[in-house]
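K.L.:
Coordinates for the following, if possible.
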Amino acid sequence: MARHPQSNPASILPERIPADLLLPAAMRLIPAAPHEREIVARRFLTGVRASGHDLGNLWGTVDRAGESPAVREVCLAITGPGRTAMLFVSAPAPDAEESDDVRALGDRAACITAASDHLDPKIVTICQALPEPFEFWAIDAFREAGFTHVGELAYLEVHLQKTPKKRTDEPITWPQGVLVRPIQDDLEPGSPDHSRLKQVLDASYHDTKDCPELCGLRNTDDVIQSHLSTGNFDPQGWLLAFKDQEPIGCVLVSMIHENNTAELVYIGIAPSGRGFGLGKSLVRRSIQDFSRLGAAKLVCAVDRRNAPALALYNAFGFSEFSARDAWVRPNNSFHPRNVHAD
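P.N.:
As a prediction, this is how the structure comes out:
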């Protein structure tokens, strides 16, 4: 039974959840009504295994003082493309008393720390969490575990087949001297358009208003890999804008065929391309392209502090349907040797 020593001394040390406790751990992790908790947890475990994800980085505090072990709090880290890991933490138990809040916070933070510390930085360079803004118990735990708040994300959508055509079908006017074309290769590292996209992404981060705290935390090659993993990549939906043969902007949109939705994965403008309406023209082009393809809607996420982007999306009829609080921690604390067995 492996345990992690970085914990409040008054708390039970987090341990890697053993096979015989996976079901009760999943029942703590996945919110469900009491009468549905077990069946929902079993479906979750089946789905995780079927998708090839590893349950080996599920950590929890387990009270072994009674006749049978009781899983108190848990955290699961799921690795993803672009050397990322998404972390999920247990919600308050339905029968938890208010007096347990301090203990539960310490347990959750310790589980988050354990799950993060055991991710190999060769595989994961940044840990992420996206609790909902009202999930204060999760937000407090990620803060306690050393994560940095990088913004509250508003998730927006526009219904492409219902939006008044006068709003989106106006002719596109590109800034003088700007040429726009789709990506022309598979974006393998080192390919011509991979290099051009990397150049414009790096430039777009300068003085960005969208989660500026993320700047410099990730290798741009990893960022591109993450973008490619969102939806189904089709180079026709990824546009590069050039001026004087230099890339100055991009908009990356991919289809999610399961729900016939297009996702605006990223839009970025280099400083030299700002102030001329290029962003508006790129969004209009994407809306027109994916409307013609029959996509039901276009969705995106934007930092609430990014007033220009919010104004742009509002002009095209986007509305908010969800929100998330974004937290990150660079993965530079690989401590596998800190595990010991009882």
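K.L.:
Please make it C-alpha for all contacts and neighbour counts, starting now.
P.N.:
Noted.
K.L.:
Residue 113 contacts residue 143, doesn't it?
P.N.:
No - the criterion here is C-alpha atoms under 8 Å, and residue 113 misses it with residue 143 at 10.8 Å.
K.L.:
Name the residue in those two with the higher neighbour count.
P.N.:
Between residue 113 and residue 143, counted using other C-alpha atoms under 10 Å, residue 113 has the larger neighbour count: 24 against 15.
K.L.:
For that one, give me the pLDDT.
P.N.:
Residue 113 is assigned 97 on the pLDDT scale.
K.L.:
try residue 5
P.N.:
48.
K.L.:
same thing with residue 12?
P.N.:
On the pLDDT scale, residue 12 gets 86.
K.L.:
for the closest residue to it other than its chain neighbours, phi and psi?
P.N.:
Nearest non-adjacent residue to residue 12, counting by C-alpha to C-alpha, 6 or more residues apart in numbering: residue 61, 5.9 Å away. Backbone dihedrals for residue 61, given as degrees, to the nearest 10, come out at phi -100, psi 130.
K.L.:
Then residue 321?
P.N.:
The phi/psi pair for residue 321 (degrees, to the nearest 10) reads phi -120, psi -10.
K.L.:
now for the helix or strand containing residue 116, which elements pack on it?
P.N.:
Assigned by DSSP states H and E, residue 116 falls within helix 101-117. Other helices and strands packing on helix 101-117, by 3 or more C-alpha pairs under 8 Å, 6 or more residues apart in numbering; DSSP states H and E, are strand 58-63, strand 70-80, strand 84-89, helix 136-144.
K.L.:
now that helix against strand 58-63, angle please.
P.N.:
Helix 101-117 runs at 140 degrees relative to strand 58-63, counting by axes from the mean of the first three to the mean of the last three C-alpha atoms, to 10 degrees.
K.L.:
starting at the chain centroid, how far to helix 101-117?
P.N.:
Distance, stretch centre to chain centre, for helix 101-117: 21 Å (C-alpha atoms, centre = their mean, to the nearest Å).
K.L.:
now swap in stretch 28-48 and tell me
P.N.:
Counting by C-alpha atoms, centre = their mean, stretch 28-48 comes out at 22 Å from the chain centroid.
K.L.:
What mean pLDDT does it get?
P.N.:
pLDDT averaged over stretch 28-48 gives 93.
K.L.:
Flag every buried residue along that stretch.
P.N.:
Buried residues in stretch 28-48, counting neighbours by 16 or more other C-alpha atoms under 10 Å, are found at 28, 29, 30, 31, 37, 38, 40, 41, 42, 44, 45.
K.L.:
Just the ones of those in helices?
P.N.:
Using DSSP state H, the subset of the buried residues of stretch 28-48 located in helices is 28, 29, 37, 38, 40, 41, 42, 44, 45.
K.L.:
for those, which one is nearest residue 181?
P.N.:
The nearest member of these to residue 181, counting by C-alpha to C-alpha, is residue 44 at 41.9 Å.
K.L.:
Residue 158 versus that closest one, what's the distance?
P.N.:
Counting by C-alpha to C-alpha, to the nearest Å, the gap between residue 44 and residue 158 amounts to 31 Å.
K.L.:
And for residue 207, the neighbour number?
P.N.:
Neighbours of residue 207 (other C-alpha under 10 Å): 11.
K.L.:
Show me the shaky parts of the stretch 101-250 of the chain.
P.N.:
Along the stretch 101-250 of the chain, segments meeting pLDDT under 70 span 163-168.
K.L.:
That one: helices as residue ranges?
P.N.:
101-117, 136-144, 165-168, 192-204, 220-228 (DSSP state H, counting those that start in this stretch).
K.L.:
What does the most far-flung residue of the chain relative to its centre show for phi and psi?
P.N.:
In the chain, residue 67 marks the outermost C-alpha relative to the chain mean, sitting 39.7 Å out by C-alpha atoms, centre = their mean. Dihedral pair for residue 67: phi -70, psi -30, per degrees, to the nearest 10.
K.L.:
Just list the residues touching it, thanks.
P.N.:
Going by C-alpha atoms under 8 Å, 6 or more residues apart in numbering, residue 67 touches no other residue.
K.L.:
now, of the helices of the stretch 101-250 of the chain, which is deepest in the fold?
P.N.:
helix 101-117 (a mean of 24; mean count of other C-alpha atoms under 10 Å).
K.L.:
export that helix as PDB, just CAs?
P.N.:
Below are the C-alpha coordinates for helix 101-117, written out as PDB (Å, rounded to 0.1, in the frame of the first residue of the first chain):
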ATOM      1  CA  ASP A 101     -14.900  21.000   6.200                       C
ATOM      2  CA  VAL A 102     -11.400  21.700   7.500                       C
ATOM      3  CA  ARG A 103     -10.400  18.100   7.600                       C
ATOM      4  CA  ALA A 104     -11.900  17.500   4.100                       C
ATOM      5  CA  LEU A 105     -10.000  20.500   2.700                       C
ATOM      6  CA  GLY A 106      -6.800  19.100   4.000                       C
ATOM      7  CA  ASP A 107      -7.500  15.700   2.600                       C
ATOM      8  CA  ARG A 108      -8.400  16.900  -0.800                       C
ATOM      9  CA  ALA A 109      -5.400  19.200  -1.000                       C
ATOM     10  CA  ALA A 110      -3.100  16.300   0.000                       C
ATOM     11  CA  CYS A 111      -4.700  14.000  -2.600                       C
ATOM     12  CA  ILE A 112      -4.200  16.600  -5.300                       C
ATOM     13  CA  THR A 113      -0.600  17.000  -4.200                       C
ATOM     14  CA  ALA A 114       0.000  13.300  -4.300                       C
ATOM     15  CA  ALA A 115      -1.600  12.800  -7.700                       C
ATOM     16  CA  SER A 116       0.400  15.800  -9.100                       C
ATOM     17  CA  ASP A 117       3.700  14.800  -7.600                       C
END
